[in-house]
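Asks: Need a 3D model of the sequence below.
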Amino acid sequence: MRIQLYAAIAAATVSLTASGYAANLTGAGGTAIYPVLSKWAAEYAKKTGDTINYQPIGSGGGIKQITSKTVLFANTDMPLKPDEVAKQGLVQFPQVIISITPVVHLANIKAGQLVFDGPTLADVYLGKLKYWDDAEIKKINPGVTLPHTAITTVHRSDGSGTTFNFTDYLSKVSPEWKSKVGEGTSVSWPGGVGGKGNPGVASYVQQVDGSIGYVEYAYVIENKLTYTNMVNAAGKTVAPTMDAFQAAAANADFAKVQDFYLILTNQPGDRSWPITAATYMLLRKDSPPDQNNLILKFLDWALKEGQPQAKALDYVPLPDAVVKQIEAHWAKQVPAAWKTAAR
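Replies: Coordinates of the predicted model:
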C-alpha cells in the first residue's frame, strides 16, 4: 500500500496479518515510523504468525494510549524525560533514526533545487515571508527563478513528535521563533493549514500550489515530493541523503544519558542533516511479562533483522553497540520479560 493512501486510514487501526498467528500485539503512536514499521510487521507476521496492530495516530496519541494502558506498546518521536518515564512506569528506548525534511509544491521547482537555512525557514513559518520571491529567500537561492506566489505553510494538526523535532530545530536557529512559538508536540502556529499525520501534511503539499511542509523522509520517497536542501550548523549546504542522516546520527551517545533521552536536531559536522531524531518505543513495566516478552521479541528482531527495510526507506538503523545497550536496558527494566524473550 502506498503512503498516498495512508491519509485515509491514519486514524484507523492497521492490521498486518499472516494466515494463522500466535499473538495479537497492539500499539499506537507516531506516523514517522509507520512506513518501516508496517514492513517490519508484515515480514515478522510471515516469520512468526504474530500480528501487529498499530494505530498511526501521532506521538501524542501514542503516549496517551500507553499511559492509559489501552495498548501494549507506543511510539514517539519526542522522547519522554526520565522523570516522566519513571512517573508513568514506562520503559523507553530508541528504535531507529528518522530525518525530517522540508517539502514544497512550486511550479518549475525540482527536488533539491531550493535551499533553506534555519532562520529563513523559521521566518516562513512565522509568516514574515509571504511570497516565494521574497528577498530573503532569493538571497540564499541565487540563480533560481522564484514566482510571485503566496506561501502556504502546512503543519501537523495532531500531537506530533515530528512537530516537536521540527519546532525544536527552529527554536535553536531562531530566537524569535523560540520566544514567540517555542517547541512541542503541539504549538500555536502563526498561520497556515494543518494536516493529520505525516500523510496529511504530504497530501496538503501535493494539492496546494505554493505550499511548504515538513515530513519524515520516507514520505518524500514514497510520494515523490519535492524536497529542499538545507544549510546545516556548520554552514554547509546538504541534501537529505543517507550519508547526511548517518553523519548527524553519529553524534548520538546514548550511553551517557538516562532512558536514552537525546535530542538530535542541529548536530555539528559538515555533512550532518540538521533535522534528525531518534524515534522511541514505550512499554509498560506493569504489563504481564508474557505480553512484554512478545513485544520485545518483535522489536529486537526489528533492531537486528529489520535493517534492510529501514535502509531501503532511508531510515538509519541503530549501531550494534546501541542495540546491546537497549538489550541491557530491557534486562534491567523488564527482566522477567526479556529473560524469556532472549531464549
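Asks: how about the CA coordinates for the lengthiest strand in the chain, as CSV?
Replies: Looking across the chain with DSSP state E, the single longest strand is strand 90-105. Taking Å, rounded to 0.1, in the frame of the first residue of the first chain, the C-alpha atoms of strand 90-105 are listed here in CSV:
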residue,chain,number,x,y,z
LEU,A,90,7.4,3.1,31.4
VAL,A,91,10.4,1.6,29.6
GLN,A,92,11.8,3.9,26.8
PHE,A,93,14.4,3.1,24.2
PRO,A,94,15.2,4.2,20.6
GLN,A,95,14.2,2.0,17.6
VAL,A,96,15.6,3.8,14.6
ILE,A,97,16.8,7.2,13.4
ILE,A,98,14.4,9.4,11.4
SER,A,99,15.0,12.5,9.4
ILE,A,100,12.6,15.4,8.8
THR,A,101,12.6,17.2,5.5
PRO,A,102,11.0,20.4,4.2
VAL,A,103,8.9,19.8,1.1
VAL,A,104,7.4,22.2,-1.3
HIS,A,105,4.9,22.4,-4.2
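Asks: What is the subsequent helix or strand relative to that strand?
Replies: The C-terminal neighbour of strand 90-105 among helices and strands, as given by DSSP states H and E, is strand 115-116.
Asks: Near residue 343, how many other residues are there?
Replies: Using other CB atoms under 10 Å, residue 343 has 7 neighbouring residues. Where you see a C-beta, it was placed from the backbone N, CA and C, and this is true even at glycine.
Asks: Give me the domain ranges for the chain.
Replies: 3-95+257-262+278-341, 100-254 (automatic domain parsing).
Asks: can you give me the strands in this protein?
Replies: Assigned by DSSP E, the strands in the chain fall at 14-16, 24-29, 51-56, 73-76, 90-105, 115-116, 152-156, 193-195, 211-216, 226-227, 229-231, 237-238, 276-284.
Asks: what lines up beside the third one in the sheet?
Replies: Strands that pair with strand 51-56, judged by DSSP bridges, come out as strand 14-16 (antiparallel), strand 24-29 (parallel).
Asks: rewinding a little: residue 268 is nearest to which of the domains of the chain?
Replies: Nearest of the domains of the chain to residue 268, taken as CB to CB: domain 100-254 at 5.5 Å.
Asks: Okay, now the closest one: how far is its last residue from its first?
Replies: 20 Å (CA to CA, to the nearest Å).
Asks: Give me the mean pLDDT for that domain.
Replies: Over the span of domain 100-254, the pLDDT mean works out to 97.
Asks: related to what we said a few turns ago, so the longest strand of the chain versus strand 152-156, what angle?
Replies: Strand 90-105 runs at 160 degrees relative to strand 152-156, counting by axes from the mean of the first three to the mean of the last three CA atoms, to 10 degrees.
Asks: Show me the helices in the stretch 201-343 of the chain, by range?
Replies: With DSSP state H, counting those that start in this stretch, the ranges of helices along the stretch 201-343 of the chain come out as 217-223, 242-249, 289-305, 307-312, 320-333, 335-341.
Asks: which of those helices sits most buried?
Replies: Stretch with highest mean neighbour count among the helices of the stretch 201-343 of the chain: helix 217-223 (a mean of 23; mean count of other CB atoms under 10 Å).
Asks: just how off-centre is that helix within its chain?
Replies: 12 Å (CA atoms, centre = their mean, to the nearest Å).
Asks: Check the gap between the closest residue to residue 93 other than its chain neighbours and residue 319 for me.
Replies: The shortest distance from residue 93 to any non-neighbouring residue, by CB to CB, 6 or more residues apart in numbering, is to residue 326 (4.7 Å). The gap separating residue 326 from residue 319 is 11 Å, by CB to CB, to the nearest Å.
Asks: And residue 292, by the same measure?
Replies: For residue 292, the distance to residue 319 - CB to CB - is 24 Å.
Asks: picking up where we left off before, export the strands of the chain to a markdown table and tack on distance to residue 250 and mean neighbour count?
Replies: Converted to a markdown table, those look like this (distance: least, CB to CB, whole Å; neighbours: other CB atoms under 10 Å):
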| stretch | distance to residue 250 | mean neighbour count |
| --- | --- | --- |
| strand 14-16 | 32 | 16 |
| strand 24-29 | 26 | 22 |
| strand 51-56 | 28 | 23 |
| strand 73-76 | 23 | 28 |
| strand 90-105 | 10 | 24 |
| strand 115-116 | 23 | 20 |
| strand 152-156 | 28 | 24 |
| strand 193-195 | 32 | 19 |
| strand 211-216 | 19 | 27 |
| strand 226-227 | 22 | 20 |
| strand 229-231 | 17 | 21 |
| strand 237-238 | 14 | 18 |
| strand 276-284 | 10 | 26 |
